[in-house]
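Peer 1: give me coordinates for this.
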Amino acid sequence: MRTLLCAGILLAVASAAHAAVIGKATVTADQAPIMRGDETIATVKKGDILDVTKVKGNWFGLDPSQGWIHKSHVRYDPILPASPAAPPVLAPAGGQKELTLDLGGGVTMKMVLIRPAKFMMGEGEGAFSRHEVTISKPFYMGVTEVTQAQYEAVMGTNPSKFKGAANPVETVSWDDATKFCEKLSEKTRQTIRLPTEAEWEYACRAGTQTAFSFGDNPSALGDYAWWGGNSGKTTHPVGQKKPNSWGLYDMNGNVWEWCADWFGDPYPKGPVTDPSGPTTGGSRVVRGGSGHFVAVGFRCADRGYCAPAGGSDGGGGFRCAMTLPSAPAAAQPAPAAPMAETPEASERMERIRVEGIKRAGQAGAKPVIMMTDENGMIILLQGSVFTEEYGRFVLRDGDFVVNAGKRPIPVFGTTLKQGEAGTIRNGKCTKVAPIVP
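Peer 2: Numbering: from 1, shown residues only. Now for the predicted structure:
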């Protein structure tokens, strides 16, 4: 059971429930109040996870505190019941390059895998100046803006002014866009959401640092976008223009696209990882421009904003992102023997160094167990350098022991049998005398 001491009140947030738990709310604000009527009964902090037992308008009911928290302070992930007619598994943990979601009624949505990396976000100097952003996790991005056919298949309505099944849905509020994502999550049993502003610009740039994804010269804009010079002040079917180099269509033009973030001014100073914008605000970010705009408004770094309740100029549209499905939990081997108690080993046990932009491991004083494949596992000794790449750990430098192997395991060109040990230095593996893990 996990408990939080909030404003002098002991609040159980992840224990045996008094009512059926229908979802989890992860706090995204630095601090957020839990309300009962007009009274604040507790305060939770960023990263806390709360059990949700009911949803009423913009509020999530919590158990066992019987309090409520506003949706603007949390990210909500529904707990979906098992279904005898569950949709097919769409992607392994490693992530296939493309996948297609079945929306029902013969309507589908294609998504493409966006791999993590660092990039320079923003432009010039001032409030929106260039700064280094790390996107640390892969995710999927809709190949096109959500179409009217897709929106109607999920929501049962079509609010668009410019009708056309293949045209992007528009005049959609931020609230309606997030409701669409929630309903599509329930339908597909995946985590569908709006992209963050950083994810959107990263995907729009597609590895470039030019003003547009196709270069700095706006004269080619008409090949890639419906804009004020060619749109006729109306929307057009998605996917008719050229895609960027990552296979994404209409990242510029046609309709503005909602992002998940509150609009913030200025950008943070210095490097950031997976930014999600301010914790509160009055307007949400929109990106990409619309068919009403002049060419300068279609730069990858150009920003817009709009109140969540209202569509933006040219029609508020959006495209979906999807969190990469998690890998199934690996079976754990029998506990390893304790590491030899030597001054050198003790020093190495203090921490695990992690390279690049991958997730840090936290092993304390225990060896790290690393799955290789069906052949077996290896045990990394403290001080070893490893990375996590799309759900799989990769040893880069350090000492390890082969354990529980059914067959010999190839490691950087050297084959090791069960119980044998190796060390990796500069990308080469050398077999060494047995190391006690």
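Peer 1: so where do the helices sit in this structure?
Peer 2: 148-155, 174-188, 197-205, 221-224, 343-348 (DSSP state H).
Peer 1: deepest in the core, which of these is it.
Peer 2: Mean neighbour counts were taken over those using mean count of other C-beta atoms under 10 Å, and the top value, a mean of 24, falls to helix 197-205. Heads up, the C-betas are built off the backbone N, CA and C, glycines and all.
Peer 1: what are the contacting residues of it?
Peer 2: 114, 117, 119, 121, 133, 135, 139, 141, 195, 213, 244, 246, 248, 251-252, 257, 259-261, 272, 274-277, 285, 287-288, 300-301, 303, 321 (C-beta atoms under 8 Å, 6 or more residues apart in numbering).
Peer 1: can I get it in CSV, CA atoms only?
Peer 2: Extracted C-alpha coordinates of helix 197-205, given in CSV (Å, rounded to 0.1, in the frame of the first residue of the first chain):
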residue,chain,number,x,y,z
GLU,A,197,4.2,20.3,-28.1
ALA,A,198,7.8,19.0,-28.1
GLU,A,199,6.8,15.7,-29.7
TRP,A,200,4.8,17.6,-32.3
GLU,A,201,7.8,19.9,-33.3
TYR,A,202,10.2,16.9,-33.2
ALA,A,203,7.9,14.9,-35.6
CYS,A,204,7.3,18.0,-37.8
ARG,A,205,11.0,18.6,-38.2
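Peer 1: ok, Trp59 - contacts?
Peer 2: By C-beta under 8 Å, 6+ apart, the neighbours of Trp59 are Trp68, Ile69, His70, Lys71.
Peer 1: I'd assumed Asn58 was in contact with the third one.
Peer 2: Same thing as His70. Yes - His70 is within contact range of Asn58, at 6.0 Å (criterion: C-beta atoms under 8 Å).
Peer 1: for stretch 41-57, which positions count as buried?
Peer 2: Within stretch 41-57, the residues scored as buried using 16 or more other C-beta atoms under 10 Å are Ile41, Ala42, Thr43, Val44, Asp48, Ile49, Leu50, Asp51, Val52, Thr53, Val55.
Peer 1: next, the distance between the ends of it.
Peer 2: One end of stretch 41-57 to the other measures 20 Å (C-alpha to C-alpha, to the nearest Å).
Peer 1: so which bits of stretch 132-141 are buried?
Peer 2: Applying 16+ other C-beta under 10 Å to stretch 132-141 flags Val133, Thr134, Ile135, Lys137, Pro138, Phe139, Tyr140, Met141 as buried.
Peer 1: nearest spatial neighbour of the second one, skipping sequence neighbours?
Peer 2: Nearest non-adjacent residue to Thr134, counting by C-beta to C-beta, 6 or more residues apart in numbering: Thr273, 4.3 Å away.
Peer 1: distance check, Leu248 against Glu199.
Peer 2: Going from Leu248 to Glu199 by C-beta to C-beta, to the nearest Å gives 12 Å.
Peer 1: need the overlap of contacts for those two.
Peer 2: With C-beta under 8 Å, 6+ apart, Leu248 and Glu199 have common neighbours Met141.
Peer 1: okay, and for the stretch 251-400 of the chain, where does confidence drop off?
Peer 2: Scanning the stretch 251-400 of the chain for pLDDT under 70 picks out 293-297, 311-315, 325-400.
Peer 1: swap the cut-off to 50 and go again
Peer 2: Along the stretch 251-400 of the chain, the model assigns pLDDT under 50 to residues 312-314, 327-366, 371-375, 389-392.
Peer 1: give me the domain ranges for this structure.
Peer 2: Annotated domains of the chain cover 3-78, 98-323, 343-432 [automatic domain parsing].
Peer 1: winner for burial among the ones you listed?
Peer 2: Buried most deeply of the domains of the chain, by mean count of other C-beta under 10 Å, is domain 98-323, with a mean of 19.
Peer 1: pretty sure Asn230 contacts Asp223?
Peer 2: No - contact criterion C-beta under 8 Å: Asn230 and Asp223 do not qualify, at 9.9 Å.
Peer 1: excluding sequence neighbours, find me the nearest residue to Thr234.
Peer 2: Phe162 (5.0 Å).
Peer 1: any idea how far that neighbour is from Ser290?
Peer 2: Taking C-beta to C-beta, one finds Phe162 at 11 Å from Ser290.
Peer 1: ditto for Glu186
Peer 2: For Glu186, the distance to Ser290 - C-beta to C-beta - is 30 Å.
Peer 1: ok, the closest residue to Thr144 other than its chain neighbours - contacts?
Peer 2: Residue nearest to Thr144 in three dimensions, not counting chain neighbours: Val238, with 3.9 Å by C-beta to C-beta, 6+ apart. Val238 sits next to Thr144, Glu145, Thr147, Ala166, Asn167, Pro168, Tyr249, Asp250, Asn254 when contact means C-beta under 8 Å, 6+ apart.
Peer 1: pLDDT score for the fifth one?
Peer 2: Asn167 is assigned a pLDDT of 94 by the prediction.
Peer 1: in this structure it contacts Gln150, no?
Peer 2: No - taking contacts as C-beta under 8 Å, Asn167 lies outside contact range of Gln150: 10.9 Å.
Peer 1: which residues does Ile49 form a beta bridge with?
Peer 2: Thr26 (DSSP bridges).
Peer 1: meant to ask about Leu62, not that
Peer 2: Bridge pairing for Leu62 - DSSP bridges - gives Val52.
Peer 1: show me what contacts it?
Peer 2: Per C-beta under 8 Å, 6+ apart, neighbours of Leu62: Val13, Ala25, Ile34, Leu50, Asp51, Val52, Thr53, Trp68, Ile69.
Peer 1: again with Gly215
Peer 2: Thr208.
Peer 1: tell me how far it lies from Asp302.
Peer 2: 16 Å.
Peer 1: Met155 reaches Cys181, doesn't it?
Peer 2: No - applying C-beta under 8 Å as the test, Met155 and Cys181 come out as separate, 10.8 Å apart.
Peer 1: check what pLDDT the residue nearest to His236 when sequence neighbours are not counted gets.
Peer 2: Using C-beta to C-beta, 6+ apart and skipping the chain neighbours, the partner closest in space to His236 is Trp226 (5.0 Å). You'll see Trp226 listed with a pLDDT of 86.
Peer 1: ok, now how distant is Trp226 from Ala127?
Peer 2: Taking C-beta to C-beta, one finds Trp226 at 29 Å from Ala127.
Peer 1: coming back round to it: ok, so of the contacts of Trp59, who is nearest Glu420?
Peer 2: Among these, Ile69 lies closest to Glu420 (C-beta to C-beta), at 53.0 Å.
Peer 1: that closest one pairs with what?
Peer 2: Phe60.
Peer 1: can you pull the contacts of it?
Peer 2: Neighbours of Ile69 in contact, by C-beta under 8 Å, 6+ apart: Ala25, Val27, Ala32, Pro33, Ile34, Met35, Val44, Leu50, Trp59, Phe60, Leu62.
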